[in-house]
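Novice: Give me a model of this one.
(2 chains)
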Amino acid sequence: MSRTWAYLSNYLIYSSMAVYTLSFFAHALETAWAVKIPDAKSGKTLDYKRTEKVARIATAMMILGFLLLFAGVIARGVSAGRVPWGNMYEFSITGALAFSGAYLGALRKYDLRWLGLLVSTAVLLTLGTAVAVLYRPSAPLVPALKSTWLVIHVSAAIISGGVFLLANAVAAAYLYLDSMEAKGERTAWAKRLPSLEYLDQLSYRLVAFVFPLWTFAVIAGAIWAESAWGRYWGWDPKETWAFITWVAYAAYLHARVTIGWRGRRAAWLCLFAGSTFLFNYVYVNIWGTGKHTYSGL
Amino acid sequence: MSQENQLPELGSIGLFRFAWRQLTSMRTALILLMLLGVAAIPGSLIPQRTQNPMAVSAYFKRSPDLATWLDRFSLFDVYGSPWFSAVYILLFISLIGCVLPRTIGHFQAAQALPPPTPKNLDRMEFYSSWAAQGNEIEVARVWLKKNRFRVVEKDGSLSAEKGYSRETGNLFFHLALILILLGISMSSLFGMRGDAILNVGERFVNTPTSYDSLAYGKLFKDGKLANFILKVDNFDAQYNIVTNAPEDYTLNVTLYQGDLTKGIKKVIKVNSPLTIGSTKIYLQANGYSPVVTVRDSEGNVALQGPVPFLPQDGNLRSIGAIKVPDAEPQVGFVGSFVPTYERSNGNGAISAFPQALDPRLLLSAWSGDLGLDSGIPQSVYRIDTSKMKQIGLKSLKPGESFAYAGGSLTFEGYVQWVNLQIVDDSGKSFALLGAIVSILGLLASLFTRRRRIWIRVGTDVEVAGLAKNAAPGLEQELAIFVRVIKGEM
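Specialist: Presented below is the predicted three-dimensional model:
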C-alpha cells in the first residue's frame, strides 16, 4: 500500500518535471520573441499578441506543474504516513513547490511573468537534483522528528524560504537592469520589464511580508528544540545560520525603513541575506554537523 | 579646586555623551547587528566545546599549533567568548538607548492630537477639490470616527490621523527582544543542566554526585535540586527493518518523590520529557552495556555488572573499556559490542542491525598499569595502553567465558542504557513571552500603515492625505472617502 503511494508520488513528480519543462520552453519562447527587434525600415512595431499568448500558455503550464508537484508531495506524505519533511529529498521537492507557489501567489497581484523563465529553471534544477542525487526510499520518521512542531516549524521555514528566494530573484533582476540602464538604454526585451523603482519596492514588500513568518519559524523551532533536546537554543549550526539569516533580513529592513537605503545597496543586502538562507539549506544540511542532521537520536 | 582639575571632568562627561550618542545612533546599531551576524559564523564552522568536545580535542590532536591559536581567540567557545559577548551587549545597550526615549516620546505623542490642517492642502498628496454643499464636515467626521481615525477640528477643517500602532508594535518588538535576552541571562544565572547515564534497572537519586556532568548557573543554590528518585524500569527501541533507522524510543520509569514506598509509573519519550515542578527530564541518547563478570585466578569476583559502551554508528556498533584496577597486575579490556554480529571484509566485526539479535563482545585484554593514579582525567570508554602489554584477543557470545593469564572474564549478557538530561531553566518562560510579543509587535509594525487625511470646507471642499514611509493604499482609501462625502456611497 505505502509502496504504491511512493511509486505514485515518483510518477507525479516526474510528470510535474515534464510540465515545468514545457513551461520553461514557453517562457523561453516568450523571451525570445520579445527580444526580436523589429526592422526599423519596415516601420512595424513589435507584435505582442503572440508573445502574450505564449506567456499565458507558460503560466498555465506552471500552474499545472505546481498542481502535479503538490499531488506528488502529498502522495509522498501518504506513503510514509506522515508529513513529507523527513529528509533532504523531501525538503527539496517541497522547497521547489514553495518557490513556484510563491511565484504564482505573487503573480495574482503583480505581473511577474518576466521572472517565469528564471523560476521554471530554478524549480527544474531543484527537482532534478532531488530526483537524481537526494532520493531516498520513503520511510518513517526518526523519533526526534515525531512531533506536531514538525508541521508548524518546517512549513513556516519552507514558505519563508520560497518567498525569500523570490525576493532574491527580483533583487537580482534589479541589479541586472540597473547596470544595463547605467550603460545606456534597456534592450528591447528588458523594456517590457517593470521600472527599477517597482522592482526595488517589490523585493522590499516580499521580504517585509515574510519576515514575521521567518521569525515565527525560528521561534517554533526553539520551542520544539526545548521539548526534543532539552534546550531552546544551542547554537547548533542550523540554528546559528537561521539566526544569521534573521539578523541579515532585520538589517535589510532597518536599512530601508530607518536609514532609507534604496536601489543597489538595498538589493545587494537582500541578495546577501537570501544567500545565507541558501547556505543554511545546502551546506549545513549536507556537510554540516549538529543535531539537524538526524543521524541518530 | 583649581580650574585645571575641573576641565577634564567636563571633558569626560562630554566624551561620555558623545560616545552615548554614537552608540545609540541607528547607523551604529545597524553595524552592530550585522557584526552580530558575522560573529556568529565561525561557531558554525569550527567545532564548539559546548556541542562537540570530542571534535575539539580531535582538532587539537590533528593540528595542535592552529588549535592553540584558535583557542587564544576563544574560537572553540564562540558564543561564550568575550568578543561575541561584547558585540551583543553593545547592541543591546544601543537598543535600549534607542528604544527607551522613543517609548517615552511615543507615549506622549499617543496622548497628543494630530497637528492642525496645513494651509496649502493642494501641495499634499492625492489632492482633490470640488464645490461645497454644506454638510461635508459632518459626514467626514462620522466616517473618520467610524474608521477609528483621531480627529482634530479647527476653523472649518478636519485633520485626522491613523496607524499609531505601527510605532507601538515597533517598540513592543524591540522591548520584547530585551525581554528575550533577560530570559536567556536568567537561565544561565539561575538554571542547572546535567547529564546522567543509567543502565536499565538502576536508580537515579537527584543529588550532585549522581551526575556524570553537571553545570550550575552562578546564582543556582545546591539545595534547589528537585527532590526525587528515578528508577529506570524498561527501555524499548523500535527500528525500521528496511532502513535500520530508529522509529520509536520509549522509556518507562518509576518516580519517587519523598515517599519511597509510593512510586508513580511514568513514560519518557524523545519529544515528551518528564516534568517535575520546574525540572524537566529528557531522553537524549541510548546504547548497550555488556554485563560482565571478571574473576581472578582463584575464582574471586574482581568486577561484576554492566559497563556502558559508546555507540559508533547507526547500527550501534559500540566501543568501550572494562577496567579492573584491583587485579594484580592491573587488567583492562578494550572492547567493541555489536548487537547483530556480521563479519565484514577487512573491518572485522560489524553490526548489521541496531537491535540485539545476535550480540557479540569482542575484546582485547591488556595487562600492566591502567594509569588511573596518574591524575590525568581518563575517558571511561578508552584505555591508555602505552604502559600495558596485550595478553589476548577473544570474541564472545552471551554466556561464554574468556580465560587469560591471571583470571577470566564471562560475558553474561547485556542491558540497555539511557542518557538522561536533567534541566531546570527558570528564564525559559520569559524568553517565550518575549518571543510571542516580538512576533505580535512585528506584525503590527510591518502591516499597519500610518497616514493622515485632511478635509477643509470653504466655498470648495478640499481633501488631501499623507502616507508615512510611502505606504501603499492611501489613494484607494481617499477615493472611498471622497465618494462618501459626495454622498455617492
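Novice: mind checking the SS state of A:Trp261?
Specialist: At A:Trp261 the chain is in coil, as set by DSSP: H, G, I helix; E, B strand; the rest coil.
Novice: Give me the pLDDT for it.
Specialist: Confidence at A:Trp261, expressed as pLDDT, is 86.
Novice: nearest spatial neighbour of it, skipping sequence neighbours?
Specialist: Leaving out its chain neighbours, the residue that sits closest to A:Trp261 by CB to CB, 6 or more residues apart in numbering or on different chains is A:Ala255, at 4.1 Å. (Glycine included, C-beta is placed from N, CA and C.)
Novice: Then A:Ala250?
Specialist: Nearest one to A:Ala250, counting by CB to CB, 6+ apart, is B:Leu33 at 6.3 Å.
Novice: and that neighbour, how many residues sit next to it?
Specialist: 20 (other CB atoms under 10 Å in any protein chain shown).
Novice: ok, it - contacts?
Specialist: By CB atoms under 8 Å, 6 or more residues apart in numbering or on different chains, B:Leu33 lies in contact with A:247, A:250-251, A:254, B:91.
Novice: and if we set it to 7 Å?
Specialist: By CB atoms under 7 Å, 6 or more residues apart in numbering or on different chains, the contact set of B:Leu33 is A:247, A:250-251, B:91.
Novice: the bottom helix or strand of chain B by mean pLDDT?
Specialist: When each helix and strand of chain B is scored by mean pLDDT, DSSP states H and E, helix B:3-23 comes last, with a mean of 68.
Novice: Next secondary structure after that helix?
Specialist: For helix B:3-23, the following helix or strand on the C-terminal side (DSSP states H and E) is helix B:26-40.
Novice: B:Lys266 is in what secondary structure piece?
Specialist: strand B:263-268.
Novice: same for that strand, what does it pack against?
Specialist: strand B:246-256 (3 or more CB pairs under 7 Å, 6 or more residues apart in numbering or on different chains; DSSP states H and E).
Novice: Pairing partners for the strand it packs on, with directions?
Specialist: Here strand B:246-256 is paired, per DSSP bridges, with strand B:229-239 (antiparallel), strand B:263-268 (antiparallel).
Novice: what stretches of chain A score poorly on pLDDT?
Specialist: A:1, A:34-48, A:288-289, A:293-297 (pLDDT under 70).
Novice: ugh, wrong one, the stretch 1-150 of chain B
Specialist: B:1-11.
Novice: Quick check: residues of it near chain A?
Specialist: Counting by CB under 7 Å from any CB of the partner chain, the residues of the stretch 1-150 of chain B close to chain A are B:26-27, B:30, B:33-34, B:36-37, B:40-41, B:43-44, B:48, B:51-52, B:79.
Novice: from these, which single one is nearest A:Lys146?
Specialist: Checking those against A:Lys146 by CB to CB gives B:Gln51 as the nearest, at 22.9 Å.
Novice: Can you tell me which residues in the stretch 1-150 of chain A are near chain B?
Specialist: Neighbours of chain B within the stretch 1-150 of chain A, by CB under 7 Å from any CB: A:139-140, A:142-144, A:146-147.
Novice: Scan these and report the most crowded one.
Specialist: Counting neighbours by other CB under 10 Å, the top entry in the residues of the stretch 1-150 of chain A next to chain B is A:Pro143, with 23 neighbours.
Novice: who's in contact with the closest residue in space to that one that isn't next to it in sequence?
Specialist: Spatial nearest neighbour of A:Pro143, excluding adjacent residues (CB to CB, 6+ apart): B:Val270 at 4.2 Å. Counting by CB under 7 Å, 6+ apart, B:Val270 makes contact with A:143-144, A:228, A:297, B:249, B:283.
Novice: Tabulate the residues you listed in JSON lines, adding columns for distance to B:Asp259.
Specialist: Formatted as JSON lines, those follow (distance: CB to CB, whole Å):
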{"residue": "A:Pro143", "distance to B:Asp259": "33"}
{"residue": "A:Ala144", "distance to B:Asp259": "34"}
{"residue": "A:Ala228", "distance to B:Asp259": "32"}
{"residue": "A:Leu297", "distance to B:Asp259": "33"}
{"residue": "B:Tyr249", "distance to B:Asp259": "29"}
{"residue": "B:Leu283", "distance to B:Asp259": "25"}
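Novice: Could you check how far B:Lys486 is from B:Ala140?
Specialist: 11 Å (CB to CB, to the nearest Å).
Novice: just the buried members of the residues of the stretch 1-150 of chain B next to chain A?
Specialist: Buried members of the residues of the stretch 1-150 of chain B next to chain A, counted by 16 or more other CB atoms under 10 Å in any protein chain shown: B:30, B:33-34, B:36-37, B:40, B:43-44, B:48, B:51, B:79.
Novice: give me the number of residues near the residue lying closest to B:Leu474 once chain neighbours are set aside?
Specialist: Nearest non-adjacent residue to B:Leu474, counting by CB to CB, 6+ apart: B:Ala467, 4.2 Å away. Neighbour count of B:Ala467, defined by other CB under 10 Å: 20.
Novice: Break chain A down into its domains, please.
Specialist: Listed domain ranges for chain A are A:1-141, A:142-297 (source: automatic domain parsing).
Novice: Tabulate those in a markdown table, adding columns for distance to B:Thr243.
Specialist: Formatted as a markdown table, these follow (distance: least, CB to CB, whole Å):
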| stretch | distance to B:Thr243 |
| --- | --- |
| domain A:1-141 | 5 |
| domain A:142-297 | 10 |
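Novice: Between those, which one is closest to B:Met186.
Specialist: domain A:142-297 (12.8 Å).
Novice: Pull the distance from that closest one to the chain's centre.
Specialist: Relative to its chain's centre, domain A:142-297 lies at 10 Å (CA atoms, centre = their mean, to the nearest Å).
Novice: Helices of the stretch 301-450 of chain B, residue ranges please.
Specialist: B:428-447 (DSSP state H, counting those that start in this stretch).
Novice: in it, which spans are strands?
Specialist: Taking DSSP state E, counting those that start in this stretch as the test, the strands found in the stretch 301-450 of chain B are B:301-306, B:310-311, B:318-324, B:330-338, B:341-344, B:348-351, B:360-368, B:388-396, B:401-404, B:407-424.
Novice: Between these, which one is closest to B:Ile276.
Specialist: Closest among those, using CB to CB: strand B:407-424, at 9.2 Å.
Novice: List the buried residues in stretch B:74-93.
Specialist: Within stretch B:74-93, the residues that count as buried by 16+ other CB under 10 Å are B:74-79, B:81, B:84, B:87-88, B:90-91.
Novice: Identify those among those that sit within strands.
Specialist: Residues of the buried residues of stretch B:74-93 located in strands (DSSP state E): none.
Novice: Tell me the one among those nearest to B:Gln304.
Specialist: B:Phe76 (39.6 Å).
Novice: ok, the closest one to B:Gln51 distance?
Specialist: 10 Å.
Novice: pLDDT score assigned to the residue nearest to B:Leu474?
Specialist: On the pLDDT scale, B:Ala467 is placed at 86.
Novice: That one pairs with what?
Specialist: Judged by DSSP bridges, the bridge partners of B:Ala467 are B:Arg451.
Novice: In chain A, which helix is the longest?
Specialist: helix A:148-183 (DSSP state H).
Novice: Which SSE is immediately downstream of that one?
Specialist: helix A:188-191.
Novice: shaky segments in the stretch 251-400 of chain B?
Specialist: Low-confidence segments of the stretch 251-400 of chain B (pLDDT under 70): B:347.
Novice: Point out the residues in it that sit beside chain A.
Specialist: Within reach of chain A by CB under 7 Å from any CB, the stretch 251-400 of chain B has these residues: B:270-273, B:280, B:282, B:284-286, B:314.
Novice: In PyMOL, how would I select just the buried ones from those?
Specialist: Buried members of these, defined by 16+ other CB under 10 Å, are picked up in PyMOL with:
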select buried, chain B and resi 270+271+273+280+282+284+285+286+314
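Novice: Of the residues of the stretch 251-400 of chain B next to chain A, which is the nearest to B:Pro116?
Specialist: B:Lys280 (58.7 Å).
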